[in-house]
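Trainee: Here you go, sequence then predicted model.
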Amino acid sequence: LLRSALYGVSATDTVSFVRALAIVLATIVIATLLPAWRAARRFAVEAPLLLPPGAEGEREAMEAALELAERLREAALRRPERNATPEARHLGLLGPGAAARLAAVAMAGMPPQPPVAVTVRAFRGVLLAGAEGAAAEPRSRFLRRATGEERFVAELALLRRVAAGPGPEGVALAVGVALRSLAQEPVWFPGFPAPTERELQVAFGLRSVTFADSVPRAWRPFYLRMLELSLRDLARVFPAFTVEGLRVRFGEVDREEALATHDPGPRRLTLPPASAAGTLAHELAHDLDWQAARARSGVRGAYRTDRAVRFRGDPLAASVRALSPEPLASPASGAGGRPDPDRRPAEAFARSVDWFVAASLARRGLSSGYLSAVQDAYIAGYAGAVPPDPEGRAAAAVARILAEVAPVPDEELRWFVGRFGPGRLPPVAEAVRDVLANPRDGTVAWARDTAAACAPGAVLRQDPLRARVEGLAARARARGEALEQAERLAGRPGRTWMARQLDGMLWSPVPVDSATAAMLDPLLRGAEEAGALPGLRDPGGSPFAVAADPGCRAPAAA
């Protein structure tokens, strides 16, 4: 307005000028501050998710969980509209022309992103199920080309127009979740600076850094920078760890199912372009294990943890065995010298170190999607990381092993054991997950006995809100097992009868003969007892107010 008065310019032009100036200034501020704020980890949306929220955040989550459970129950009890019009299939915001154009130009010169490529590969069976001939081609194209986030969006838009069903929507959700592991990834485009192979060799003492001919030259700076950032982030957790003498090769591996490999013979790390990021903590844990074998026993081409289980009397053996609830077998005892990877000590150790690295970085407000794909106890990534067991034995064991094989600061180990070790009160999300996810025999009786054992008096000494949430999980597990066993015993009518008895669903009565009813009745009573223990209902009588003491331990599985 002042400018208008002084120079005779209209007020409309002045407002437009002020708006344009504000946009320019905002752009300058954002362009200046955004990189600095990202480098300082100031954005909550990029913060690691592994460590639980504070007490206030956990309470809000528990309240929301109980409210959601009640709403789901109310929705299930409502009779659906008979003539309801089905919703139109969502095809996304990209039209076919825009999607085809984006697919043609997206990610030009950009390497694949493992959270996308690995997740899409995992959905191969779902996407190709029942598709043959010409109908399978769009799906095969999607599997070949959806390797990066922008190309994934474009190819998904094209796929949705020819393929209905849960496949496209399921892979979209899974990829969106997996990409969260790269929340703090620095921006990179072709032409951005990166170290050379020689610079990495000098800086970290690497024996060699090589690329297979199949890796495009335009991608190589990205992988050199990825290796540099990963080793520097790992040094935050293991300050004395060295990779001196290690060979690193970017290229495909011999085993198709392997995301990356550490070969103890030549001491070589092989990192495939489409799956390397997210596996480096796991693979470098193997190198740590290799170095421990050389330092302890003077052997090369072997892992310390494998040897500890193989030879009796090794002081490390008990700690290594505690890493897994299943018996571990060293390579010498497996067929052909190669036991099941899930039972190999070196693999159990690498999976535990993967979790340790992710947790230690999260403690500092950091996450590295190159080192680890771990996000939290539910989303443990695609590299096989395993959260510590509820009793905390594995966390204490990995801390004891690291104290011997890697000079980790004592304060770091004490924090890890205090957070994940024995005697801790696990976050309610972990307790619920343990109830719902762990396979157990006789689940109906287990859930009932757990609630009964934890009910008297102990609930009153704990947070009643937490007790309700954990009790809800025990009841849900008992109900689910009752429904599944009823279907195994009496087919679909048995499951429907059980659901009607448990929840009073508004379904037509299902005729069940007296012999079948007598066979199903013990299941029904067990499930009802898990959710109807005396004194565990709220004043409103909600069947979801089942309580279980969070400090109680579940009875041992049968």
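Mentor: Perfect, thanks for sending it.

Trainee: which of the residues in stretch 95-102 are buried?
Mentor: For stretch 95-102, the buried set under the neighbour-count rule, 16 or more other Cβ atoms under 10 Å, comprises A99, L102. To be clear about C-beta, it is placed using only N, CA and C from the backbone, and glycine gets the same treatment.

Trainee: could we number from 56 for the rest of this?
Mentor: All set: I'll call the first residue 56, so the last point we hit is now stretch 150-157.

Trainee: could you give me the average pLDDT of it?
Mentor: For stretch 150-157, the mean pLDDT works out to 83.

Trainee: Work out the gap between that stretch and the centre of the chain.
Mentor: Counting by Cα atoms, centre = their mean, to the nearest Å, stretch 150-157 is centred 32 Å from the centre of its parent chain.

Trainee: Pull the residues that contact it.
Mentor: Residues from elsewhere that reach stretch 150-157 (Cβ atoms under 8 Å, 6 or more residues apart in numbering): G147, L149, E205, R206, V208, A209, E210, A212, L213, R216.

Trainee: For the second one, pull up the helix or strand it's in.
Mentor: Assigning secondary structure by DSSP states H and E places L149 outside every helix and strand.

Trainee: what residue ranges in the protein score low on pLDDT?
Mentor: Confidence mapping of the chain against pLDDT under 70 gives the ranges 56-69, 131-147, 162-163, 219-220, 387-394, 492-517, 558-565, 584-613.

Trainee: now the strands for it?
Mentor: Secondary structure of the chain (DSSP state E): strands at 263-266, 302-305, 316-318, 323-326.

Trainee: so which of those gets nearest L579?
Mentor: For L579, the closest of the strands of the chain is strand 316-318, at 51.4 Å, according to Cβ to Cβ.

Trainee: Show me what the closest one is packed up against.
Mentor: strand 323-326, helix 335-352 (3 or more Cβ pairs under 8 Å, 6 or more residues apart in numbering; DSSP states H and E).

Trainee: want to throw those into JSON lines with mean neighbour count and distance to M117?
Mentor: Putting these into JSON lines (neighbours: other Cβ atoms under 10 Å; distance: least, Cβ to Cβ, whole Å) gives the following:
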{"stretch": "strand 323-326", "mean neighbour count": "22", "distance to M117": "41"}
{"stretch": "helix 335-352", "mean neighbour count": "22", "distance to M117": "32"}
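
Trainee: Turn these into TSV, columns for distance to L480.
Mentor: What follows is the helices and strands packed on strand 316-318, written out as TSV (distance: least, Cβ to Cβ, whole Å):
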stretch	distance to L480
strand 323-326	39
helix 335-352	27
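
Trainee: Of the ones you listed, which is nearest E122?
Mentor: When the helices and strands packed on strand 316-318 are compared by Cβ to Cβ, helix 335-352 sits nearest E122, at 37.7 Å.

Trainee: helices or strands next to that closest one in the packing?
Mentor: Using 3+ Cβ pairs under 8 Å, 6+ apart: helix 335-352 touches helix 275-292, strand 316-318, strand 323-326, helix 359-365, helix 400-418, helix 448-460.

Trainee: Pull up the pairing partners for the third one, direction included.
Mentor: The reference is to strand 323-326. Using DSSP bridges, the strands paired with strand 323-326 in its sheet are strand 302-305 (parallel), strand 316-318 (antiparallel).

Trainee: Include mean neighbour count when you put these into JSON lines, please.
Mentor: Putting the strands paired with strand 323-326 into JSON lines (neighbours: other Cβ atoms under 10 Å) gives the following:
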{"stretch": "strand 302-305", "mean neighbour count": "21"}
{"stretch": "strand 316-318", "mean neighbour count": "18"}
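
Trainee: nearest to G535, of those?
Mentor: Taking the strands paired with strand 323-326 one by one with Cβ to Cβ, strand 316-318 is closest: 38.8 Å.

Trainee: how distant is that closest one from the center of its chain?
Mentor: How far strand 316-318 lies from its chain's middle: 23 Å, per Cα atoms, centre = their mean.

Trainee: Which helix in this structure has the most residues?
Mentor: helix 519-558 (DSSP state H).

Trainee: got the buried residues for that one?
Mentor: So helix 519-558, judged by 16+ other Cβ under 10 Å, has buried residues 520-534, 536-538, 540-542, 545, 549-557.

Trainee: Can you list the helices and strands that that helix packs against?
Mentor: Applying 3+ Cβ pairs under 8 Å, 6+ apart, we find helix 519-558 packed against helix 110-132, helix 483-492, helix 498-509, helix 569-586.

Trainee: which residues sit against the second one?
Mentor: Meaning helix 483-492. 107, 113, 116-117, 432-433, 442, 445, 481, 502, 505, 521, 524-525, 528-529, 531-532, 605, 609.

Trainee: A229: which of the helices and strands packed on strand 316-318 is closest?
Mentor: Nearest to A229, of all those, is helix 335-352, at 20.3 Å by Cβ to Cβ.

Trainee: what's that closest one in contact with?
Mentor: 282, 285, 289, 293, 296, 298, 301, 315-317, 319, 322, 324, 326, 354-355, 357-362, 401, 404-406, 408-409, 412-413, 423, 425-427, 438-440, 459-461.

Trainee: Let's see that with 7 Å instead.
Mentor: The contact list for helix 335-352 (Cβ atoms under 7 Å, 6 or more residues apart in numbering) reads 285, 289, 296, 298, 301, 315, 317, 319, 322, 324, 354-355, 357-360, 362, 401, 404-406, 408-409, 412, 425-427, 438-439, 460-461.

Trainee: I'd say A384 and D397 touch.
Mentor: No. A384 is beyond contact range of D397, at 9.9 Å (criterion: Cβ atoms under 7 Å).

Trainee: With neighbour numbers in mind, choose between those two.
Mentor: Using other Cβ atoms under 10 Å as the criterion, A384 and D397 rank with A384 on top: 17 against 14.

Trainee: Could I get the phi/psi values of that one?
Mentor: Main-chain torsions, A384, degrees, to the nearest 10: phi -130, psi 130.

Trainee: Sweet, I'm off.
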